[in-house]
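Participant: Mind looking at a prediction? Sequence and model below.
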Amino acid sequence: MDDWQHGGFGVYIHWPFCLAKCPYCDFNSHVSREIDHAAWREALLTELRQQAALTGPRKVDTVFFGGGTPSLMQPETVAALIDEIGKLWSYGNNPEITLEANPTSVEAGKFSDFSKAGVNRISMGIQALNDTDLKALGRMHSAKEALRAFDIAKTQFDRVSFDLIYARQKQTTKSWFAELRQALDLAVDHLSLYQLTIEQGTRFGELYEKGKLKHLPPTDEAADMYLGTREICAEYGLEGYETSNYARSGAESRHNLIYWRYGDYAGIGPGAHARLTLDGQRTALHTYLSPQAWLDSVANHGHGMHPPELLAAEDQAIEYLMMSMRLTEGSDLRRYNTLTEHPLSPERVNHLKDLGMINATDSGLKTTAKGRPLLNSILSELLR
């Protein structure tokens, strides 16, 4: 079988619009007050059809509406896309269909319509549970609104996840752990918990370069936050199955697992990426970042993609290792070795093993609790 079948097949749909740009965000998101929803619906459907024509018949395991702020989409657009995916391909048993949402009262009011459209999992960008930090992060909702939206979501969807950011300005380890326990007391079954990173090209990045982004926790305190986060989540029955993601058994994000297990996925919309195995050859595709450039390209060419790039087996092996090592389950070395003519150096593997950074067998490789915070360094050592 093709390698991608180890990971499955999903469809990612990117909605690029937001009501405001958060100062930490480096995603392909754009503020636009006026959107031609009918034109965007037709363009997204057109690009779906084009990528389905490339792959031929397949079973779709997951669909993910990301952004941007997909909860700003019209529910009829979401419904049309979900329906078209089923017609172009076909759904596997119990497909996971996720939509990212902001927890403002306006968007929460659309949850019932999104559920009727076929969405069965919501991922909410809450980010903080106090109003001071929400304001500093540029969020447009209050903590009260967020909790109310979460309560509404639980009545409408089988599965609800939400995001929080930690290592924020002026945040202490003690205050983060208290906030985390507050989140876990809400009886969630999935949390995405991200350490604040300062990205170039963002407002926070500009302030940081000028020395004006004050009161960030020092590196060692941020590391303590990460380690304590895994321990506290485990106390509540949410295991850290990936670097930043925690879930009860069976509640993992199946769509994101396709990425981390290096499956195939279609990518629809401006700035979307795809990995598709076409005629046995893994192919990387990505679309125009600019919403208008993408929209014009779809109108003129039936898709908004740059020319496809065929991935050499060696590049596939590297991508697989870099993605799968993010998972607590780690990498399948037998699969890695089928993709490359250059197995990992036994000396480097044994060195990292002796340092207590990884566990390694003939068939598998994964980080230890000690090595998990140093994943980038471990990968650099393994792949150099």
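Facilitator: Received, thanks.
Participant: Make sure Ala80 is actually in contact with Leu45.
Facilitator: Yes: using CB atoms under 8 Å, Ala80 and Leu45 qualify as a contacting pair, with a distance of 6.5 Å. For the C-beta atoms, the positions are set from N, CA and C on the backbone; glycine is no exception.
Participant: which residues touch the residue lying closest to Lys59 once chain neighbours are set aside?
Facilitator: Leaving aside its sequence neighbours, Lys59 sits nearest to Gly92 (CB to CB, 6 or more residues apart in numbering; 4.3 Å). With contacts taken as CB atoms under 8 Å, 6 or more residues apart in numbering, Gly92 has the following neighbours: Lys59, Val60, Asp61.
Participant: how far does the helix or strand where Gly92 lies sit from the chain's center?
Facilitator: Secondary structure assignment for Gly92, by DSSP states H and E: strand 90-101. Here strand 90-101 shows a centroid-to-chain-centroid distance of 15 Å under the convention CA atoms, centre = their mean, to the nearest Å.
Participant: pLDDT on it, on average?
Facilitator: Mean pLDDT, computed over strand 90-101, is 96.
Participant: List the neighbouring strands of that strand plus their orientation.
Facilitator: Using DSSP bridges, strand 90-101 pairs in its sheet with strand 59-67 (parallel), strand 121-127 (parallel).
Participant: Check what contacts the helix or strand harbouring Asp296 and list those residues.
Facilitator: Secondary structure assignment for Asp296, by DSSP H and E: helix 291-301. The contact list for helix 291-301, computed with CB under 8 Å, 6+ apart, reads 16-17, 30, 32, 39-40, 43, 46-47, 269-271, 287-288, 303-305.
Participant: rewinding a little: Lys214 is nearest to which of the strands paired with strand 90-101?
Facilitator: strand 121-127 (19.4 Å; CB to CB).
Participant: Which residues does the closest one contact?
Facilitator: Counting by CB under 8 Å, 6+ apart, residues outside strand 121-127 touching it are 96-103, 111, 114, 133-134, 137, 139, 141, 146, 149-150, 153, 156-165, 192, 253.
Participant: try it again with 7 Å
Facilitator: 96-103, 134, 137, 139, 146, 149-150, 153, 157-165 (CB atoms under 7 Å, 6 or more residues apart in numbering).
Participant: pLDDT wise, what is His223 at?
Facilitator: Not His; residue 223 is Ala. Confidence for Ala223, expressed as pLDDT, is 93.
Participant: Hmm, it is touching Pro373, no?
Facilitator: Yes: shown here, Ala223 and Pro373 form a contact pair, counting by CB atoms under 7 Å, at 5.8 Å.
Participant: Now do the contacts for Phe150.
Facilitator: Pro103, Met124, Val160, Phe162, Leu186.
Participant: coming back round to it: so which of the contacts of Gly92 would you say is closest to Gln200?
Facilitator: Asp61 (34.4 Å).
Participant: Let me know the pLDDT of that closest one.
Facilitator: In this model, Asp61 carries a pLDDT of 98.
Participant: need the contact list for the spatially closest residue to it that is not a sequence neighbour.
Facilitator: Nearest residue to Asp61 in three dimensions, chain neighbours excluded: Gly8, at 4.4 Å (CB to CB, 6+ apart). Gly8 makes contact with Asp61, Ile258, Gly263, according to CB under 7 Å, 6+ apart.
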